[in-house]
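J.: could you work out the structure for the sequence below:
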Amino acid sequence: MSTNRTPFATAPLAVIAPVFATGVVVADVCQQRVTLFVWTLVVAVSLLVGVVSERLRLGAVLLGVFALGGANLALRNIDKPIPHEKSVKATVEIASRGELTAWGQMRADVRVVEWQDEEGATYRSNKYLKATYSADSLLPIGTRLRCRVRVRPMEQGRYAELMQARNVEGYARIDGCRVVGINKTLRGRAAEMQAVAVERLGRLGLDDRELTVAEAMTLGYRRGMSSALRESYADTGASHLLAVSGLHVGIVFVLVNMLLWMLPAINYGHIAKNVLAVVLIWMFAFVSGLSPSAVRAAVMFSFVQMGFALSREQNSLNTLCGAALLMLMINPKYVFDISFQLSFAAVLGIVLWFPVLFGWLRSESRLLNGVWSAVIVGVCATLAVLPLTAYAFGRVSVIGILLSPLVVTLAHVTVLCGLLWCIVPWQAMSGVISGVLSMSVGWQNDIVTATSRLPFSSVEWNPSREVVILIYLILLALSVIMWRCAAKNPPKITF
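T.: Numbering: from 1, shown residues only. The predicted structure follows:
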């Protein structure tokens, strides 16, 4: 085997996953003209050609994967849509933690289980609604209500596109609610665990600014944060720190591998290390409320960890693309979801760039290597999501690129201490944990607030979709060049 092979040389799924995603995109554009029957027919013909002709097999397989992506999306669009601006009977299920609005109503995401038209015909559904309703108390996730629903569509724009990608039909007013049962979902149990963890963090005596940021970064709980503090994070390009996503799961991934580095020294320690790493990654996703972004990132990093378990670092790209393909097969609309795109881009940047950069900068000191790995993970993730962030939000923080190594390093400390306290709330440690958290979050808040006041801390940049695609193609080409210019033996990630 050649010693200078790039990760692209053994990653067939890095071709298959984009082809599948392209089929989903084309199906979305042509959904009024190309039916599910046509997509299914193309899949069948491609399969037949691949079996009959060896010369055309590769092209037939790629065409079949492309058509399979289109068929997958078309299959999701066959349900009859809920009529807008009409009151219909429906059964809905509370899908997110509710909150009290300023006008005294409850607000939460709900999933439509079924609905009835004027003739009394019942239709199954799996659409979500941003709903408001009257209730005396918060209804737990999974509560099923029999009610009347009036759906109002969202105004066209990028937010509406994002909600459509998440299967959200629109806004809704729910009246005449009657509880008919409760569905004990994993997300509901995760929300209960998250509430316990939030209560534990509250015991540390942090001030409001520090506590709200610690809750957001460690547990994905973002209620109670002041708008001024949110704007400061947005202006410095650090708002991604406030939502559990690929960066946070990446931090846990790095910390877990660092803490378990001695396990391979014992019998079966290599297996135990990787199994424990995956378990701890999913424990973090669970305690953060199993938000969609946390689940997607946990799936991706679980596949990356599996690549390390095989002791073949060059397979990380293949396992990552396999994770993305699996998730798109489960829900093809993820390809339009900016959270999925950001999570995938962040992890992809780490997979492609971290091994080479860490290989160039590593030293004989394990402590220094741990610091370098934390910094490099943050830089790789930040640069990888930059074009998408500009496309989605229309602004790029110039100073955020420079701040990233520092704030991400502080984020490692915050996440580690916050999770340690939530898992083991030992009162004897409260003083130390509280002091370290107050220092890391306090410094982070002070740095972000101070730099947000600087002139030109962020600039407007609203690239088109075509420009973003071109940028990522250039970054992909540079990644290939970087790997080929690296040492003959690919850099190995060791913790």
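
J.: in the stretch 251-400 of the chain, which spans are helices?
T.: Here the stretch 251-400 of the chain has its helices, by DSSP state H, counting those that start in this stretch, at 269-287, 292-309, 316-330, 338-361, 366-393, 398-423.

J.: dump those to a markdown table, plus distance to residue 451 and mean neighbour count.
T.: C-beta coordinates here come from the backbone N, C-alpha and C atoms, glycine included. Formatted as a markdown table, these follow (distance: least, C-beta to C-beta, whole Å; neighbours: other C-beta atoms under 10 Å):
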| stretch | distance to residue 451 | mean neighbour count |
| --- | --- | --- |
| helix 269-287 | 28 | 19 |
| helix 292-309 | 25 | 23 |
| helix 316-330 | 32 | 21 |
| helix 338-361 | 22 | 22 |
| helix 366-393 | 15 | 20 |
| helix 398-423 | 5 | 20 |
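
J.: right, so of the ones you listed, which gets closest to residue 64?
T.: Nearest of the helices of the stretch 251-400 of the chain to residue 64, taken as C-beta to C-beta: helix 316-330 at 13.7 Å.

J.: packing partners for the closest one?
T.: Contacts defined by 3 or more C-beta pairs under 8 Å, 6 or more residues apart in numbering; DSSP states H and E place helix 316-330 against helix 13-29, helix 57-76, helix 292-309, helix 338-361.

J.: can you add distance to residue 196 and give the ones you listed back as JSON lines?
T.: As requested, those are exported to JSON lines (distance: least, C-beta to C-beta, whole Å):
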{"stretch": "helix 13-29", "distance to residue 196": "37"}
{"stretch": "helix 57-76", "distance to residue 196": "35"}
{"stretch": "helix 292-309", "distance to residue 196": "17"}
{"stretch": "helix 338-361", "distance to residue 196": "25"}
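
J.: looking at the ones you listed, which is closest to residue 212?
T.: Between residue 212 and these, the tightest spacing by C-beta to C-beta is seen for helix 292-309, at 18.3 Å.

J.: and the closest one with helix 338-361, angle?
T.: If you take axes from the mean of the first three to the mean of the last three C-alpha atoms, to 10 degrees, helix 292-309 sits at 30 degrees to helix 338-361.

J.: pLDDT below threshold where in the stretch 151-300 of the chain?
T.: 246 (pLDDT under 70).

J.: which stretches of it form strands?
T.: 168-182 (DSSP state E, counting those that start in this stretch).

J.: hang on, the earlier thing: of all the helices of the stretch 251-400 of the chain, which one is nearest residue 452?
T.: Closest among those, using C-beta to C-beta: helix 398-423, at 8.5 Å.

J.: check which helices and strands the closest one sits against.
T.: Secondary-structure packing of helix 398-423 (3+ C-beta pairs under 8 Å, 6+ apart): helix 186-202, helix 208-219, helix 246-259, helix 269-287, helix 366-393, helix 430-452, strand 458-460.

J.: now with 6 Å?
T.: Here helix 398-423 touches helix 208-219, helix 246-259, helix 366-393, helix 430-452, going by 3 or more C-beta pairs under 6 Å, 6 or more residues apart in numbering; DSSP states H and E.

J.: looking at those helices, which is closest to residue 193?
T.: It's helix 208-219; of those, that one is closest to residue 193 (C-beta to C-beta) at 9.4 Å.

J.: that closest one packs against which elements?
T.: helix 186-202, helix 398-423, helix 430-452.

J.: mind running it again at 8 Å?
T.: helix 186-202, helix 227-235, helix 398-423, helix 430-452.

J.: circling back: weakest of the helices and strands packed on helix 316-330 in terms of mean pLDDT?
T.: If you rank those by mean pLDDT, helix 292-309 sits at the bottom with a mean of 77.

J.: alpha carbons only: can I get that one in PDB?
T.: Extracted in PDB, the C-alpha atoms of helix 292-309 (Å, rounded to 0.1, in the frame of the first residue of the first chain):
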ATOM      1  CA  PRO A 292     -31.700  17.800  16.000                       C
ATOM      2  CA  SER A 293     -28.300  19.500  15.600                       C
ATOM      3  CA  ALA A 294     -26.900  17.600  18.500                       C
ATOM      4  CA  VAL A 295     -28.200  14.300  17.200                       C
ATOM      5  CA  ARG A 296     -26.800  14.900  13.700                       C
ATOM      6  CA  ALA A 297     -23.400  15.800  15.200                       C
ATOM      7  CA  ALA A 298     -23.400  12.800  17.500                       C
ATOM      8  CA  VAL A 299     -24.200  10.500  14.500                       C
ATOM      9  CA  MET A 300     -21.300  12.000  12.500                       C
ATOM     10  CA  PHE A 301     -18.800  11.800  15.300                       C
ATOM     11  CA  SER A 302     -19.800   8.300  16.200                       C
ATOM     12  CA  PHE A 303     -18.900   7.300  12.600                       C
ATOM     13  CA  VAL A 304     -15.600   9.200  12.900                       C
ATOM     14  CA  GLN A 305     -14.900   7.400  16.100                       C
ATOM     15  CA  MET A 306     -15.600   4.100  14.400                       C
ATOM     16  CA  GLY A 307     -13.000   5.100  11.800                       C
ATOM     17  CA  PHE A 308     -10.500   5.500  14.500                       C
ATOM     18  CA  ALA A 309     -11.500   2.200  16.000                       C
END
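
J.: now do it against helix 186-202, angle only.
T.: Interaxial angle, helix 292-309 versus helix 186-202 (the same axes, to 10 degrees): 90 degrees.

J.: who wins for proximity to residue 121 among the helices and strands packed on helix 316-330?
T.: Of all the helices and strands packed on helix 316-330, helix 57-76 sits nearest to residue 121, with 20.9 Å by C-beta to C-beta.

J.: so what's the nearest residue to residue 414 once chain neighbours are set aside up against?
T.: Leaving aside its sequence neighbours, residue 414 sits nearest to residue 440 (C-beta to C-beta, 6 or more residues apart in numbering; 4.7 Å). Residues near residue 440 by C-beta atoms under 8 Å, 6 or more residues apart in numbering: 410, 411, 413, 414, 417.

J.: pretty sure the third one is touching residue 436, no?
T.: Yes. Under the criterion of C-beta atoms under 8 Å, residue 413 makes contact with residue 436 at 6.5 Å.

J.: circling back to that earlier point, residue 267 is nearest to which of the helices and strands packed on helix 316-330?
T.: helix 292-309 (15.9 Å).

J.: what does the domain assignment say about this protein?
T.: What automatic domain parsing lists as the domains of the chain is 7-76, 87-183, 192-485.

J.: most tightly packed of these?
T.: domain 192-485 (a mean of 19; mean count of other C-beta atoms under 10 Å).

J.: and residue 250, what does it touch?
T.: Applying C-beta under 8 Å, 6+ apart to residue 250 gives the contacts 297, 301, 346, 347, 350, 377, 381.

J.: do you know which of the helices of the stretch 251-400 of the chain lies nearest residue 482?
T.: Here helix 338-361 is closest among the helices of the stretch 251-400 of the chain (C-beta to C-beta), at 5.6 Å.

J.: could you list every helix and strand in contact with the closest one?
T.: helix 246-259, helix 292-309, helix 316-330, helix 366-393, helix 465-485.

J.: then that helix to CSV, C-alphas only?
T.: The C-alpha trace of helix 338-361 is given here as CSV (Å, rounded to 0.1, in the frame of the first residue of the first chain):
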residue,chain,number,x,y,z
ILE,A,338,-28.7,24.9,7.5
SER,A,339,-28.0,23.2,10.8
PHE,A,340,-27.3,19.9,9.1
GLN,A,341,-25.1,21.8,6.5
LEU,A,342,-23.2,23.6,9.3
SER,A,343,-22.7,20.4,11.3
PHE,A,344,-21.5,18.4,8.3
ALA,A,345,-19.2,21.3,7.2
ALA,A,346,-17.7,21.6,10.7
VAL,A,347,-17.0,17.9,11.0
LEU,A,348,-15.7,17.7,7.4
GLY,A,349,-13.3,20.5,8.1
ILE,A,350,-12.0,18.7,11.2
VAL,A,351,-11.7,15.4,9.3
LEU,A,352,-9.9,16.9,6.3
TRP,A,353,-7.6,19.5,8.0
PHE,A,354,-7.1,18.4,11.6
PRO,A,355,-4.8,15.4,10.9
VAL,A,356,-2.4,17.4,8.7
LEU,A,357,-2.3,20.5,10.8
PHE,A,358,-2.0,18.6,14.1
GLY,A,359,0.8,16.4,12.5
TRP,A,360,2.7,19.6,11.6
LEU,A,361,2.3,21.2,15.0
